[in-house]
Structures are given as structure tokens and as C-alpha cells.
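S.K.: pasting the sequence and the predicted model now:
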Amino acid sequence: MSRRRAAAIGALALAIGGLALAIVVAAEAFPRGLIALALVGVGAPAAWHGLLHVGAVRIAGLAAGALLLAAAVVLVARDRLLAEALIVGAFALSAALGRTAFARRAELAPQPQPRRPVLFYNPKSGGGKAERFRLADEARARGIEPIELRLGEDLAQLVRDAVAAGADGLAMAGGDGSQAIVAAIAAEHDLPYACVPAGTRNHFALDLGVDRDDVVGALDAFVDGGERRVDLAEVNGRVFVNNVSLGLYAEAVQRSGYREAKLRTLAETLPQAIGPDANGPGLRWTGPDGREQRAGAALLVSNNRYRLGRAIGSGTRPRLDAGLLGIAVAGAGERLPWQEWTARAFSVDADEPVTQVPAGIDGEAVKLAPPLRFRTRPGALRVRVARAHPGASPSAGLPDSVGATIGALVRIALAREVARKG
């Protein structure tokens, strides 16, 4: 039995078992379950009201919300903690097995090894991964010239100098902001590029299909790697590889304490961003229906569409070569928690007298002059990925709907799914 088939059978069995147990627990908990639901219905708005305010109103709202939500948990879980833990565990394990069942490997075209590849690395990025894994030595062993990015140096200028000196392959070991700089210059000169996951989260590497746990192995992209073309995106001429955030998150990353206390900073920013006394810039744009809209809690413009709100693969991009921007707006007064669509170009303007709009570009805090003009650059970047790595996003083979996901798992479990490669 193949690994994919075994994972699909396990995912289905655990999902069915968890659902059956949940139904039994809900039936036995009647009518306490309805009372708990009512407590949640009151407690959640109270907590949200507190988050949107400051001072005594904030404290009262958060306290009331916490007490009501805690009461709901105690009411339902009073004598069924083990059963509820089993339900949660079954669904979590089912989702993990589902990811395994749908995992893909891409068939990348083999390419000759560059004659003068160069690796740029930030020794402090990702808690010092480059130094911990001795990336400079590993690069030299593969015929790749390592160039360290020192404090105060201009990465873009270092890359341009290397290209002028004859570099014919560019790799970056660092965060996604640094990846964007090197990728932009590689695309400008039509040179192959390799993403080495030596940053903190390495979102771009994940969606490219680079194994984030194999930092050293990523260097083999210039030894035995295959190649494909992926898109880049830009805002006001600045390239980004992941996304640009506006609104709540963008306001938070501007604050000095964000890196050390992210959740606390987001909570402190919430009232100023979308509360009743919000003083953030009034952003406006044209939605997919052609009507002008205004900013909600957050606006995200991404290099290709993110898979959002799914049990499996949420927060990743199934494709990086669709030639489209992904646009998602949270809390804009729509009936759904967020609104999302795709487009080749997108613009965001700000009300006067705003001259600078806070933004987070690939996680880095910047300020942009409005209007913000986004566009996609289809197939702009030649990406090399090591042969040992998947070369495809974790969500590349995932269906979009629950029904389609279940159907696909059933076909894999019954061995009726023809093995496909990304």
C-alpha cells in the first residue's frame, strides 16, 4: 500500500470517528450545549468590543468576554474533557494525514550548473542559521561563492556588483525581504535564483516547495536542481515575493516593540486601526464588483492567491505562476469574515491629507506614497530547486471545497486516483 493511500485512509477514518464522537457528546450535553452557545454568542462580541476600545471600557469588555467564554467551556466540558480532547485530536491528526495524502512533487526541467553562482547570506537572520549550518563552507564545497551581508551594507548593491563581476546564478539565505531584493535583480538579468530558507518563517521557500528544514540541502539547487518560472509582484515599483499588508498588521509592524511582543502590539493597535476612534489613513479601492470600497481591519495584496480559511493548507499559495495578484480584505462590512478575489493589477488610494501609508512588505515595515499601484509580473523569475526537495507548494494538490476534498481522499483511499506530480 502506498504512503498516499495509507494517509488518505487514516484521514477519512479519523474524520469519521471524530465526527461520530462529536455527535454523541453533543446529544448527551443537551440542553447545556445550547446554553453554552448562548454564552459564546454574548461573550465573543463583548471581548471584541473591549479590543476595539481603550481604558476602562477595554478592561470591562475583555473581562466580561473572558468570563462568559470560560463559563461556556466549563458548562460543556464539565465531565467530558477526555472525549472532547479525543475529538480535537482526531480532527487535527486527520488534517495532518490529509496533507500527506495530497502532497505533490513537481517535475522540474533539469538545467546545467551555473559556472559562477553566488550565495548572499545574512549571518543574523533566523537566529543565526547561516552560521549554525556553516553555509559559507557548504557553499564553497559546492562551487558557490559566499558573500556575507554585513551591518550597514546595501544588499542590492552587493548583488549588482556580483552580477557585473560575472555571477550567473544568485542565491539568498535570509528573510523574505532579502529574498525579494535578490529575486528582483535575478529577474532583471534573467539569471537563475535559489531560495535558501535561512530566515525566520521562510514563507516564500514554503510555497516554492523548498524544504524549510533542509537549509544546507537548498544549496544543491545550483548543483542538481531543476528550474521553473514563477511570478513576482510589485507595488509602486518595489518588488515583493509574498505580500503587502495594509491596515491593522501594517500599523502594528511600524511599532518599535512589534518584534518582541507581536500579539500585544496587535492588540494595542486594534483600537487605533478599526475602533470607534480610529485615526488611521482612510484607504479606498475598487472592489471586484466595480464599486468603491473602504478599508476594514486589514487588506492583503499577495503575489498569487493564498488559500485562506481551509482546514488543510491554509495560509499557503497553491500556485506561484498564475499571473495574478491575490486580494483579501478582512472586516470591510461584508457578510463574510473576509472578501477575496484575484486581479492582474490593483490600486489603493488614501484620503487627503495623507501623504504616507503604513505598509508591511514581506513582513518589513515601510511607508508608501499613495496611490499604491500593484501589478503582477508573470513568469519573471527563474527559480532553481534542489532535486531532493518537493518543488511544489504544500497546497498545490488540494481541492478548494470540503466536498471535493472528501471525494479526492476517497478516490485515493480506493486507489482510483492516478498519481499526479505538480
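M.R.: Noted; the coordinates are in hand.
S.K.: which residue is the nearest non-sequential neighbour of the residue most central in space within the chain?
M.R.: Central residue of the chain (CA atoms, centre = their mean): G315, 4.3 Å from the mean position. Leaving aside its sequence neighbours, G315 sits nearest to Y306 (CB to CB, 6 or more residues apart in numbering; 6.4 Å). Quick note: C-beta positions are derived from backbone N, CA and C, even for glycine.
S.K.: distance of that neighbour from L37?
M.R.: Relative to L37, Y306 is positioned 31 Å away (CB to CB, to the nearest Å).
S.K.: what does T100 give?
M.R.: From T100 to L37 the distance is 34 Å (CB to CB).
S.K.: hang on, the earlier thing: the residue nearest to G315 contacts L325, doesn't it?
M.R.: No: if you go by CB atoms under 8 Å, Y306 and L325 don't touch, sitting 10.9 Å apart.
S.K.: could you identify the helix or strand that succeeds the helix or strand of the chain with the lowest mean pLDDT?
M.R.: Lowest on mean pLDDT, DSSP states H and E among the helices and strands of the chain sits helix 262-274, with a mean of 47. With elements assigned by DSSP states H and E, the helix or strand that comes after helix 262-274 is strand 283-286.
S.K.: which elements pack onto that following strand?
M.R.: Here strand 283-286 touches strand 292-294, strand 345-350, going by 3 or more CB pairs under 8 Å, 6 or more residues apart in numbering; DSSP states H and E.
S.K.: format the ones you listed as TSV; extra columns: mean neighbour count.
M.R.: Output for those, formatted as TSV (neighbours: other CB atoms under 10 Å):
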stretch	mean neighbour count
strand 292-294	13
strand 345-350	18
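S.K.: what about R382, neighbour count?
M.R.: Neighbours of R382 under the rule other CB atoms under 10 Å: 20.
S.K.: ok, it to D190 distance?
M.R.: 7 Å.
S.K.: with G391 instead?
M.R.: G391 is 20 Å from D190, by CB to CB.
S.K.: tell me the helix or strand right after the longest helix seen in the chain.
M.R.: Using DSSP state H to define each element, the chain has its longest helix at helix 3-29. Toward the C-terminus, helix 3-29 is succeeded by helix 32-51 as the next helix or strand (DSSP H and E).
S.K.: got the angle for that following helix vs helix 3-29?
M.R.: Using axes from the mean of the first three to the mean of the last three CA atoms, to 10 degrees, the inter-axis angle of helix 32-51 relative to helix 3-29 is 100 degrees.
S.K.: against which helices or strands is helix 32-51 packed?
M.R.: Judged by 3+ CB pairs under 8 Å, 6+ apart, helix 32-51 is in contact with helix 55-77, helix 262-274.
S.K.: one more time with 10 Å
M.R.: Secondary-structure packing of helix 32-51 (3 or more CB pairs under 10 Å, 6 or more residues apart in numbering; DSSP states H and E): helix 3-29, helix 55-77, helix 262-274.
S.K.: average pLDDT for it, rounded please.
M.R.: The average pLDDT for helix 32-51 rounds to 74.
S.K.: how about the helices in the stretch 301-422 of the chain?
M.R.: 402-413 (DSSP state H, counting those that start in this stretch).
S.K.: where are the low-confidence patches of it?
M.R.: Counting by pLDDT under 70, the stretch 301-422 of the chain shows low-confidence ranges at 309-313, 331-337, 417-422.
S.K.: redo that, cut-off 50
M.R.: 334-335, 418-422 (pLDDT under 50).
S.K.: how about the strands in it?
M.R.: When assigned using DSSP state E, counting those that start in this stretch, the strands of the stretch 301-422 of the chain occupy the ranges 325-330, 338-343, 345-350, 357-361, 364-368, 372-385.
S.K.: likewise the stretch 101-250 of the chain?
M.R.: 109-110, 117-121, 145-148, 169-173, 192-196, 226-235, 238-240, 243-247.
S.K.: so what strands line up beside the third one?
M.R.: To tie it back to what came earlier, the one meant is strand 145-148. Strand 145-148 sits in its sheet next to strand 117-121 (parallel), going by DSSP bridges.
S.K.: host element of A90?
M.R.: Per DSSP H and E, A90 falls inside helix 81-102.
S.K.: reformat the helices and strands packed on strand 283-286 as CSV; add distance to L108.
M.R.: Shown next, in CSV, are the helices and strands packed on strand 283-286 (distance: least, CB to CB, whole Å):
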stretch, distance to L108
strand 292-294, 40
strand 345-350, 29
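S.K.: quick one, which of those strands is nearest to R140?
M.R.: strand 345-350 (43.0 Å; CB to CB).
S.K.: counting by contacts, list what the closest one packs against.
M.R.: For strand 345-350, the elements it packs on are strand 226-235, strand 243-247, strand 283-286, strand 298-303, strand 325-330, strand 357-361, strand 372-385, judged by 3+ CB pairs under 10 Å, 6+ apart.
S.K.: each with direction, which strands does it pair with?
M.R.: Looking at strand 345-350 with DSSP bridges, its partner strands are strand 283-286 (antiparallel), strand 372-385 (antiparallel).
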